[in-house]
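Chemist: Any chance you could fold what I've pasted below:
(2 chains)
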Amino acid sequence: MKLATWNVNSLAVRLPQLLDWLAAHPVDALALQETKLTDDKFPHAEIEAAGYSAQRFGQKTYNGVALLTRGAASDVTKGIPGFADEQARVIAATLGGLRVIGAYFPNGQAPDSEKFAYKMRWLDALRDWVRAELAAHPRLVLMGDFNIAPEDRDVYDPVAWAGQIHCTPEERAQFQALLALGLVDAFRLFEQAPKSWTWWDYRNLAFRKNQGLRIDHVLVGEALRPQVLACTIDKLPRKNERPSDHAPVIVELAP
DNA sequence: ATGACTCCCAGTGGGAGA
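Modeler: Below is the predicted model of the structure:
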């Protein structure tokens, strides 16, 4: 079984690339972030023609998440239950014996901003909810664009980024607090090449210079750890014309 | 360089992203 997450930075723009990618990587489930589409504009027909059904939770212009699945999805949850949020950032479903949460974590803008305070409130709410979900569904996967680089080795220039957004001690503590619930960073279960990133700035030839961050993650419940066979970043879509600034992350689970 | 690029909604500019 294969799952993946990809921040597509506008599904309307990236739909052809998404369909190409699914044809090359027929994963069982794909979490999308930054669809930037209201639900009435979601490209259902094209995605169904590709063999997927789609759960979507969108809004105009910003944010927006979706969960594409080959099999049936049940118990769909949109947003963090009990957390009032105008921003569409979370979608969850049960499929094939797994509880899958796809999330687009807030960016946070700058450590002293109101958006950062919102990011912290959002992370607190997410953690409380994931704790309960994990208790109910030990076979849980939390994946998406976390907008957190967990460690210095996840940053191309950790000195320049020290204390900056994605790298603050507060954000990193939030990431560790998620792990402390009983989740594992699937990517770090395996030996990985140094300088492995999931995001490269559009500016400054950052991709060509491999100046990026690892901010897209797949966390799995401890119960699933023995089943994790691989976790990889697919850099190829970043080489497309008009690419997303993020690359997909793929995890493979033993049946 | 408080930049650079891309997307969106707008409407020939500005917010947001990371």
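Chemist: isn't there a helix covering residue A:176?
Modeler: Yes - under DSSP: H, G, I helix; E, B strand; the rest coil, residue A:176 sits within a helix.
Chemist: Read off the pLDDT value for it.
Modeler: pLDDT for residue A:176: 98.
Chemist: List the residues that contact it.
Modeler: residue A:150 (Cβ atoms under 8 Å, 6 or more residues apart in numbering). Where you see a C-beta, it was placed from the backbone N, CA and C, and this is true even at glycine.
Chemist: gap between residue A:233 and residue A:27?
Modeler: Here the distance between residue A:233 and residue A:27 works out to 14 Å (Cβ to Cβ, to the nearest Å).
Chemist: in the stretch 151-255 of chain A, which spans are strands?
Modeler: A:183-185, A:199-200, A:212-213, A:216-221, A:228-233, A:249-253 (DSSP state E, counting those that start in this stretch).
Chemist: out of the ones you listed, which comes closest to residue A:139?
Modeler: Closest approach to residue A:139 among the strands of the stretch 151-255 of chain A is made by strand A:216-221 (6.1 Å; Cβ to Cβ).
Chemist: what sits in contact with each of residue A:233 and residue A:27?
Modeler: Joint contacts of residue A:233 and residue A:27 (Cβ under 8 Å, 6+ apart) are residue A:250.
Chemist: which residues in chain A form helices?
Modeler: Ranges of helices within chain A are A:11-24, A:44-49, A:114-136, A:158-161, A:169-180, based on DSSP state H.
Chemist: How many residues are close by residue A:86?
Modeler: 8 (other Cβ atoms under 10 Å).
Chemist: got the residues of the stretch 151-255 of chain A near DNA strand B?
Modeler: By the rule Cβ under 7 Å from any atom of the strand, the part of the stretch 151-255 of chain A lying against DNA strand B is A:165, A:166, A:199, A:201, A:202, A:203, A:204, A:213, A:215, A:242, A:245, A:246.
Chemist: gap between residue A:191 and residue A:52?
Modeler: 32 Å.
Chemist: All the strands of the stretch 1-150 of chain A, in order from the start?
Modeler: Under DSSP E, counting those that start in this stretch, the stretch 1-150 of chain A gives strands at A:2-7, A:29-33, A:53-57, A:65-69, A:74-78, A:90-95, A:98-104, A:140-145.
Chemist: check contacts around the most centrally placed residue in chain A.
Modeler: Most central in chain A under Cα atoms, centre = their mean is residue A:144, positioned 0.9 Å from the mean C-alpha point. Going by Cβ under 8 Å, 6+ apart, residue A:144 touches A:5, A:7, A:31, A:33, A:65, A:101, A:102, A:103, A:104, A:105, A:216, A:217.
Chemist: Quick check: beta-bridge partners of it?
Modeler: Residue A:144 has the following beta-bridge partners by DSSP bridges: residue A:103, residue A:217.
Chemist: where are the low-confidence patches of the stretch 51-200 of chain A?
Modeler: Within the stretch 51-200 of chain A, no range satisfies pLDDT under 70.
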